[in-house]
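Colleague: need a structure here:
(one chain, ligands or ions: 1)
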Amino acid sequence: MTQMPDPQNPLRIGTRGSALALAQAHETRDRLMAAHGLPEAAFQIVVIKTTGDRVLDRALKDIGGKGLFTREIEDALLAGDIDIAVHSMKDMPTLQPEGLVIDCYLPREDVRDAFVSTLYAGISELPQGAVVGSSSLRRRAQLAARRPDLHLVEFRGNVQTRLKKLEEGVAVATFLAMAGLSRLGMSQIVRQAISPDEMLPAVAQGCIGVERRAEDASAAALLAPIADSESGLRVVAERAFLARLDGSCQTPIAGLALLQGDRLILRGEILRPDGSEVIASLREGLARDGAAMGLDLANELRGRAPADFFA
Ligand SMILES: NCc1[nH]cc(CCC(=O)O)c1CC(=O)O
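Modeller: Model (predicted):
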């Protein structure tokens, strides 16, 4: 029997405290309320501060990369201090700790990157040598590949911090995920939505995943009706691709799966950080074979990469 949460015994939803993380936790809660006819009081949002939230003055790749935004939340889940955890799948390590699983993916938001600038309408409008802010290894490499003349500067912090830096003139443009802006109700600041053909998004961009304890049958049953199977098929393929490449988080990697009926098309790309080399390819096959396609695509890219590529 599924233990239904109620106001006396609410389901504790763990999340980071950023505006985006909270919006994602609220979206998850709202979907659970609708799916089960439960009141808001049957849920409790538990905010957990992570190392990645604390350290703002250094580039992520210098302080240990991805797990930084998730470790404390996963510890709370394992300790039983929360019942489920809501994540941006883009920020999740490809492997979950022993005892935890993610098998609930919400319907995916817009996967594209957004060009944001108060001065210019799009990438091609940027003048020669313009200063562009981004802390994303992938976006920096993709931009450098296309526009080697641009000056890229480190740009960390949440959306509000980055917009403030634009106002202060630290850079004339930046890139953010369309999904995050949409969830924050800030889509109006987007000057250009960039087609995946021009800038292949990060693996799992725009996808919210819900993590739980593997043996927690109650949580599994609660989450099942809000899980989006198409989202799951796509993200599983993309993350299998990433997992096979992720020796270090110093290599710019992009990947995107699209579904056409029962078929899945997976595109992947690896770049040198300075954009001087881009290696890309794709696979097409049955959607249920996505994980194998991801692995196979990664093997091809690895095989084509020069020996020093992942250095
Ligand atoms: N790395 C931070 C991060 N993680 C997820 C999103 C956006 C939402 C998403 O892609 O699901 C963002 C911000 C951004 O890239 O603009």
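
Colleague: so how far is the ligand from the closest residue to residue 302 other than its chain neighbours?
Modeller: Take residue 302 and drop its neighbours on the chain: the residue closest to it by C-beta to C-beta, 6 or more residues apart in numbering is residue 245, 6.9 Å away. (Each C-beta comes from the backbone N, C-alpha and C, glycine too.) From residue 245 across to the ligand, the span is 18 Å (C-beta to the nearest ligand atom, to the nearest Å).

Colleague: residue 78 and residue 85 touch, don't they?
Modeller: No - between residue 78 and residue 85 there is no contact under C-beta atoms under 8 Å: 10.2 Å.

Colleague: show me the contacts for residue 27.
Modeller: 106, 183, 208 (C-beta atoms under 8 Å, 6 or more residues apart in numbering).

Colleague: which of those tops the neighbour count?
Modeller: residue 208 (27 neighbours; other C-beta atoms under 10 Å).

Colleague: distance of the nearest residue to that residue once chain neighbours are set aside from residue 67?
Modeller: Nearest residue to residue 208 in three dimensions, chain neighbours excluded: residue 106, at 4.3 Å (C-beta to C-beta, 6+ apart). Separation of residue 106 from residue 67 (C-beta to C-beta, to the nearest Å): 22 Å.

Colleague: got it, and residue 189?
Modeller: In terms of C-beta to C-beta, residue 189 sits 30 Å off from residue 67.

Colleague: those two: who's more crowded?
Modeller: Ranked by neighbour count (other C-beta under 10 Å), residue 189 and residue 67 place residue 67 first, with 18 against 15.

Colleague: may I have the secondary structure class of that one?
Modeller: With DSSP: H, G, I helix; E, B strand; the rest coil as the basis, residue 67 sits in helix.

Colleague: domain assignment for the chain?
Modeller: Annotated domains of the chain cover 11-106+207-227, 113-194, 239-304 [automatic domain parsing].

Colleague: for the helix or strand where residue 270 lies, packing partners?
Modeller: Residue 270 is part of strand 263-271, with elements assigned from DSSP states H and E. With contacts taken as 3 or more C-beta pairs under 8 Å, 6 or more residues apart in numbering; DSSP states H and E, strand 263-271 sits against helix 137-146, helix 229-245, strand 253-260, strand 278-286, helix 290-304.

Colleague: check the offset of the shortest one from the chain's centre.
Modeller: Just to be clear, that refers to strand 253-260. Strand 253-260 has its C-alpha centroid displaced from the chain centroid by 13 Å (C-alpha atoms, centre = their mean, to the nearest Å).

Colleague: going forward, the N-terminal residue is numbered 37.
Modeller: Shifting the count to begin at 37 puts that one at strand 289-296.

Colleague: what sits up against that strand?
Modeller: 147, 174, 178, 232, 235-239, 241, 266, 269-271, 273-274, 277-278, 281-282, 300-307, 323, 326, 330.

Colleague: apply 6 Å and report the result again.
Modeller: Strand 289-296 is contacted by residues 174, 232, 236-237, 239, 266, 270, 273-274, 277, 281, 300-306, 323 when judged by C-beta atoms under 6 Å, 6 or more residues apart in numbering.

Colleague: one more: the last one?
Modeller: Among residues not part of helix 326-340, those counted as contacts by C-beta under 6 Å, 6+ apart are 269, 272-273, 276-277, 280-281, 300, 302, 304, 306, 315, 317, 319, 321.

Colleague: run the angle between it and strand 299-307 for me.
Modeller: 30 degrees (axes from the mean of the first three to the mean of the last three C-alpha atoms, to 10 degrees).

Colleague: run the chain-centre distance for helix 326-340.
Modeller: Using C-alpha atoms, centre = their mean, the offset of helix 326-340 from its chain centre is 20 Å.

Colleague: quick check: angle from it to helix 265-281?
Modeller: Using the same axes, to 10 degrees: helix 326-340 against helix 265-281 is 30 degrees.

Colleague: got the helices and strands packed on strand 299-307 as JSON lines, with mean pLDDT columns?
Modeller: Formatted as JSON lines, those follow (pLDDT from 0 to 100):
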{"stretch": "helix 173-182", "mean pLDDT": "96"}
{"stretch": "helix 265-281", "mean pLDDT": "97"}
{"stretch": "strand 289-296", "mean pLDDT": "98"}
{"stretch": "strand 314-322", "mean pLDDT": "98"}
{"stretch": "helix 326-340", "mean pLDDT": "97"}
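
Colleague: redo these as a markdown table? Include mean neighbour count and distance to residue 63.
Modeller: Shown next, in a markdown table, are the helices and strands packed on strand 299-307 (neighbours: other C-beta atoms under 10 Å; distance: least, C-beta to C-beta, whole Å):
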| stretch | mean neighbour count | distance to residue 63 |
| --- | --- | --- |
| helix 173-182 | 22 | 25 |
| helix 265-281 | 23 | 13 |
| strand 289-296 | 22 | 22 |
| strand 314-322 | 16 | 30 |
| helix 326-340 | 18 | 24 |
